[in-house]
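> Dropping the sequence and predicted coords here.
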Amino acid sequence: MEANATERPGGSQAPDMPAHVAIIMDGNGRWATQRGLPRAQGHRAGVEALRRTVRAAGDIGIRYLTIYSFSSENWSRPQSEVLDLMALLKRFIRKDLADLHKNDIRVKIIGRRDDLAPDILALLVEAEDLTRDNTGLTLVVAFNYGARDEILRAIQRVAEAVGECRIDPAEIDEKMVDRNLDTAGIPDPDLLIRTSGEQRISNFLLWQCAYTEFVFLPVYWPDFGQDELTAAIEEFRTRERRFGGLVANTGS
Ligand code: FPP
């Protein structure tokens, strides 16, 4: 287990800067429809926004950026759209992996792997393996990800350990759950941004967002970039974080 696996949000960053930003990239379809374009064009523009955002996050000094790129529920979209999103992911990794690596970015994938097509899985593993020792921004790509599924898989692993008498149920604590999630070793998000004006968490990082600050922006994802990221961080910096306790020095 890495030393910071159960670190509370805030990490090692200056107290008012988020160390970990998570993003629900929403609104590609509406962005395209608004322009009379097919939805696929919205997803393509979404990849451009993703490139801008990764660059901006690195420049700002964010340590972890987690993006919701394909949820467990996205399989229920029309097959043509699912194929399009898969193709975009493949193209993104093939085209951008060398650049990410050159920029010292470490790629980490979270989500269920056992039902992925072998070519996709191989690319994801290649991205992780190539960038494993990089020390800059960690880009966490949530792919085929659903938080309830992640928690269920963690419960299954812990239950197996109990069944095999390797642990006693009384030993199960938050740290053990953390260690068995896909995000083991990654501090909880400080800030979660959702674009498009929707205000839901949509089965994203349910365990990890216990004390995360949420910022909902009324822009569609393809229009997101450095200015919007900076604005969300400015909003985050005005928030008073108490983690269930009281504010220091005020007694309030
Ligand atoms: C939500 O927009 C976005 C997604 C379901 C996928 C996000 C994907 C990208 C930004 C591009 C792909 C990037 C990678 C790395 C694969 P939506 O389609 O739900 O928009 P809508 O709510 O307006 O219909």
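All right, it came through fine. Numbers count the residues shown, from 1 in each chain.
> ok, now which ones touch D59?
Listed by C-beta atoms under 8 Å, 6 or more residues apart in numbering, the contact partners of D59 are Q226. Backbone N, C-alpha and C define where each C-beta goes, glycine included.
> Count the neighbours of E171 for me.
11 (other C-beta atoms under 10 Å).
> mind checking how far it is from the ligand?
E171 sits 38 Å away from the ligand, taking C-beta to the nearest ligand atom, to the nearest Å as the criterion.
> all strands for the stretch 101-250 of the chain, in order.
All strands of the stretch 101-250 of the chain, identified by DSSP state E, counting those that start in this stretch, fall at 106-110, 138-145, 191-194, 213-216.
> For the third one, enumerate the helices and strands it packs against.
Using 3 or more C-beta pairs under 8 Å, 6 or more residues apart in numbering; DSSP states H and E, the elements in contact with strand 191-194 are strand 20-24, strand 213-216, helix 226-238.
> host element of the residue of the stretch 51-200 of the chain found nearest the ligand?
The minimum distance from the stretch 51-200 of the chain to the ligand, using C-beta to the nearest ligand atom, falls at L89 (3.6 Å). Assignment of secondary structure by DSSP states H and E places L89 within helix 79-102.
> For that helix, which residues meet the burial criterion?
Within helix 79-102, the residues scored as buried using 16 or more other C-beta atoms under 10 Å are D84, L85, M86, L88, L89, F92, I93, D96, L97, L100.
> Can I get the residues you listed in TSV including pLDDT?
Shown next, in TSV, are the buried residues of helix 79-102 (pLDDT from 0 to 100):
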residue	pLDDT
D84	93
L85	94
M86	93
L88	93
L89	93
F92	91
I93	92
D96	96
L97	97
L100	97
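> Spatially central, which residue of the chain would that be?
Nearest residue to the geometric centre of the chain (C-alpha atoms, centre = their mean): T66, 2.5 Å.
> what's near enough to touch the closest residue to the ligand within the stretch 1-150 of the chain?
Per C-beta to the nearest ligand atom, G29 is where the stretch 1-150 of the chain lies closest to the ligand, at 2.5 Å. Contacts here follow C-beta under 8 Å, 6+ apart; on that basis G29 touches R39, G42.
> Distance of K95 relative to R106?
18 Å (C-beta to C-beta, to the nearest Å).
> same question, D59
Distance from D59 to R106, by C-beta to C-beta: 17 Å.
> before we move on, what about L116?
Taking C-beta to C-beta as the measure, L116 falls 21 Å from R106.
> the more surrounded of the two?
Between L116 and R106, counting by other C-beta under 10 Å, R106 is the more crowded of the two (20 against 17).
> Which parts of this structure are helices?
Counting by DSSP state H, the chain has helices at residues 28-34, 39-60, 79-102, 118-131, 147-163, 174-180, 226-238.
> Buried residues, the last one. List them.
So the one you mean is helix 226-238. Buried residues in helix 226-238 (16+ other C-beta under 10 Å): E228, L229, A232, I233, E235, F236.
> Please identify which of these is nearest to E126.
L229 (27.7 Å; C-beta to C-beta).
> Look up how far the ligand lies from that closest one.
Taking C-beta to the nearest ligand atom, one finds L229 at 14 Å from the ligand.
> okay, that residue: pLDDT?
Here, the pLDDT recorded for L229 equals 98.
> who touches the residue nearest to it when sequence neighbours are not counted in this structure?
Among residues not flanking L229 along the chain, A56 sits closest, at 5.0 Å (C-beta to C-beta, 6 or more residues apart in numbering). By C-beta under 8 Å, 6+ apart, A56 lies in contact with G225, Q226, L229, T230.
> Could you rerun that using 10 Å?
I62, L65, F224, G225, Q226, D227, E228, L229, T230, I233 (C-beta atoms under 10 Å, 6 or more residues apart in numbering).
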